[in-house]
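Colleague: sharing a model prediction with you, sequence too.
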Amino acid sequence: MHAMHFCYPGPEWFVQALGASYVESWIKASRQPYWFRPSTLVVLTPPVRHRGEGSSRDTSAGDDVRANLLRQEMALFARKHGTRAGLAHVYWSVGVTSLPVSALRRLHATMTDSYDVQGNAGFTAHVAMDSSGPALLSTLRALGVTTLRASIAATRTPNTAVIERFFNQAREEGFRSIAIDLPIAVPAVPIRTVREWARMLSAYRPNRIFFARLGSDEAPARAGTRAQDAMLVGRAWRDAYATLISTGYGYIAHDAFALHSDVFADAKRLATLAPGPYGYGTAVSHTAIAIGQGAIGNVGPMQYQNCRDPKTYAAMLQAEKLPIERGFLATADDLARRSIMTGLLTNFSVDIEAIEQCYGIDFRAAFRRELTELEPLRLEGAIELGEKQLSVTSIGRFACNRVADVFDRYIRRVEQARPERDGF
């Protein structure tokens, strides 16, 4: 439903035993007030098809229901917490921005009534480029949106008129930043099409371009083996990478590029760029307040996911209960591994001394197995391991995910549980 950037451990490891009542106790806890300052507010709802998109059914009533549920949950979370959380960043998904502008205004009013939106807060609104008209962009800017992030239909060849109209309107409204998601891990998209999109988008100079990795329900079906798909995706990735680098973009994270003058490029240089489930930030947020069906958030080390079933989600809100389905309490080991993986995926390096001091461990002793597994990559020249730093070289940048996955102990659990096949 929503493309994920980074979540460790992933939601597939969340458990229902750590549901609404357990997470609610963390939300109410006052002994750790810094968890909620600063906070990120993530608001999601599944996008729907409106009239003119293959359906003659009027969806205005459904839009009102979805908007009201989001408003109800925002207010309920604030009441359960007991104080106004300070928001340093807000994210609205494509499903949210597809709601009517009147619903967006009401949603924004509830947000500002329930939370303390800081004066310098970042506000990202995710839109679909081909359905973002002047009224929507004007409304979003009036509501304080600072970054306009757009998804594109890269399965088709670029439509110059649509792209030019979008960028002209966005710049006329005065958004501080424009970011574009370029689907890259979709085997059905020809390499030539990806290359054309990368070249055309870079010509319009958006502040950031992300390589979006769509879920299986969003990627078009295609015959072919996984090995062939991986090879095609890899070629498309390298092609798009070369195009963006040659047109003046900096490579700031494993799936992200930015103009050298952008604040994300500054955060990269300061080693403060931080990934989350729905995008990057220029600083770490201790809490992500997740609003909406299936949304993923955290309160300190307590991660949680809202109900994915729409009926259960609505019923829990009707009963004045936070619609949380499952959760996960990260251990010190999880947090150390998350810090290491974050460093590799964003800064392409890990400060070994900082990890040791922060988590009270001996890095080489704690991760002896992982460092052994990385030895082939070191011999290939993909990584460098020194006394104080583990870093990914320019040769290994394409292997960032492989390097980070070595520290994912949950991947290892799956591999160990998988039965061996005869002959392999």
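Modeller: Yep, that arrived. Numbering: from 1, shown residues only.

Colleague: just checking, residue 105 touches residue 138?
Modeller: No - using Cβ atoms under 8 Å, residue 105 makes no contact with residue 138, being 11.8 Å away. C-beta coordinates here come from the backbone N, C-alpha and C atoms, glycine included.

Colleague: list the buried residues of stretch 62-81.
Modeller: Using 16 or more other Cβ atoms under 10 Å as the burial criterion, the residues of stretch 62-81 that qualify are 63, 66-74, 76-78, 80-81.

Colleague: how long is stretch 364-384 from one end to the other?
Modeller: Counting by Cα to Cα, to the nearest Å, you get 14 Å between the two ends of stretch 364-384.

Colleague: same check, this time on stretch 327-337
Modeller: OK, stretch 327-337 end separation, Cα to Cα: 18 Å.

Colleague: now it, how far from the chain's geometric center?
Modeller: Stretch 327-337 sits 19 Å away from the centroid of its parent chain (Cα atoms, centre = their mean, to the nearest Å).

Colleague: and for that stretch, what's in contact with it?
Modeller: For stretch 327-337, contacts defined as Cβ atoms under 8 Å, 6 or more residues apart in numbering pick out 8-9, 13-15, 18-19, 22-23, 301-305, 338, 355, 358-359, 361, 366, 407-409.

Colleague: could you rerun that using 7 Å?
Modeller: Residues outside stretch 327-337 that contact it (Cβ atoms under 7 Å, 6 or more residues apart in numbering): 8-9, 13-15, 18-19, 22-23, 301-304, 355, 359, 361, 407, 409.

Colleague: now stretch 18-27
Modeller: By Cβ under 7 Å, 6+ apart, the residues outside stretch 18-27 that reach it are 80-81, 299-300, 302, 304, 316, 321-322, 324-329.

Colleague: out of the residues you listed, who's the most crowded?
Modeller: Ranked by the number of neighbours (other Cβ atoms under 10 Å), these place residue 304 first, at 28 neighbours.

Colleague: partners of whichever strand or helix holds it, with directions?
Modeller: Using DSSP states H and E, the element containing residue 304 is strand 302-306. Strand pairing for strand 302-306, using DSSP bridges, gives strand 296-299 (antiparallel), strand 324-329 (antiparallel).

Colleague: any figure for the gap between the closest residue in space to residue 259 that isn't next to it in sequence and residue 64?
Modeller: Nearest residue to residue 259, sequence neighbours excluded (Cβ to Cβ, 6 or more residues apart in numbering): residue 207, at 5.6 Å. Distance, residue 207 to residue 64, using Cβ to Cβ, to the nearest Å: 34 Å.

Colleague: helices and strands of the protein: which one bottoms out on pLDDT?
Modeller: The weakest-scoring helix or strand in the chain, judged by mean pLDDT, DSSP states H and E, is helix 409-417 (a mean of 76).

Colleague: where does pLDDT dip in the chain?
Modeller: Judged by pLDDT under 70, the chain has its weakly predicted residues at 1-5, 30-37, 48-59, 154-156, 185-191, 213-230, 232, 415-424.

Colleague: break it into its domains for me.
Modeller: 11-329, 332-417 (automatic domain parsing).

Colleague: now the longest one, how far from the centre of its chain.
Modeller: If you compare the mean C-alpha spot of domain 11-329 with that of the full chain, they lie 6 Å apart, counting by Cα atoms, centre = their mean.

Colleague: now do the shortest one
Modeller: Average the C-alpha atoms of domain 332-417, do the same for its chain, and the two points are 21 Å apart (Cα atoms, centre = their mean).

Colleague: which residues of the stretch 51-200 of the chain fall in helices?
Modeller: For the stretch 51-200 of the chain, the helices defined by DSSP state H, counting those that start in this stretch occupy 60-81, 94-97, 101-114, 134-142, 160-173, 191-203.

Colleague: which helices and strands does the last one pack with?
Modeller: Which is helix 191-203. Applying 3 or more Cβ pairs under 7 Å, 6 or more residues apart in numbering; DSSP states H and E, we find helix 191-203 packed against strand 177-183, helix 226-246.

Colleague: please list all residues in contact with residue 288.
Modeller: By Cβ under 7 Å, 6+ apart, the contact set of residue 288 is 40, 42, 276, 297, 298.

Colleague: go on, residue 82?
Modeller: residue 28.

Colleague: residue 309: how many residues sit nearby?
Modeller: For residue 309, the tally of surrounding residues (other Cβ under 10 Å) stands at 12.

Colleague: distance check, it against residue 100.
Modeller: Residue 309 sits 25 Å away from residue 100, going by Cβ to Cβ.

Colleague: what of residue 81?
Modeller: Applying Cβ to Cβ to residue 81 and residue 100 gives a distance of 29 Å.

Colleague: picking up where we left off before, most tightly packed of the domains of the chain?
Modeller: Ranked by mean neighbour count, the domains of the chain are led by domain 11-329 with a mean of 18 (mean count of other Cβ atoms under 10 Å).

Colleague: these two touch, right, residue 281 and residue 89?
Modeller: Yes - taking contacts as Cβ atoms under 7 Å, residue 281 lies within contact range of residue 89: 5.8 Å.

Colleague: and the closest residue to residue 167 other than its chain neighbours, backbone torsions?
Modeller: Of all residues not flanking residue 167 in the chain, residue 204 sits nearest, at 4.7 Å (Cβ to Cβ, 6+ apart). When quoted as degrees, to the nearest 10, the phi and psi of residue 204 stand at phi -90, psi 0.

Colleague: now swap in residue 288 and tell me
Modeller: For residue 288, the backbone dihedrals (degrees, to the nearest 10) come out as phi -120, psi 110.

Colleague: for residue 143, give me phi and psi.
Modeller: According to degrees, to the nearest 10, residue 143 has phi -80, psi 0.

Colleague: all helices for the stretch 201-350 of the chain, in order.
Modeller: 226-246, 263-269, 310-318, 332-342.

Colleague: other SSEs contacting the second one?
Modeller: The one in question is helix 263-269. Using 3+ Cβ pairs under 7 Å, 6+ apart as the test, helix 263-269 ends up in contact with strand 249-253, strand 256-259.

Colleague: which phi and psi does the residue nearest to the spatial centre of the chain have?
Modeller: Centrality entry for the chain: nearest residue to the mean C-alpha point is residue 278, 2.0 Å, by Cα atoms, centre = their mean. Backbone torsions of residue 278, given as degrees, to the nearest 10, read phi -120, psi 20.

Colleague: could you shift the numbering so residue one becomes 40, and keep it that way?
Modeller: Got it, first residue is 40 now, which makes that one residue 317.
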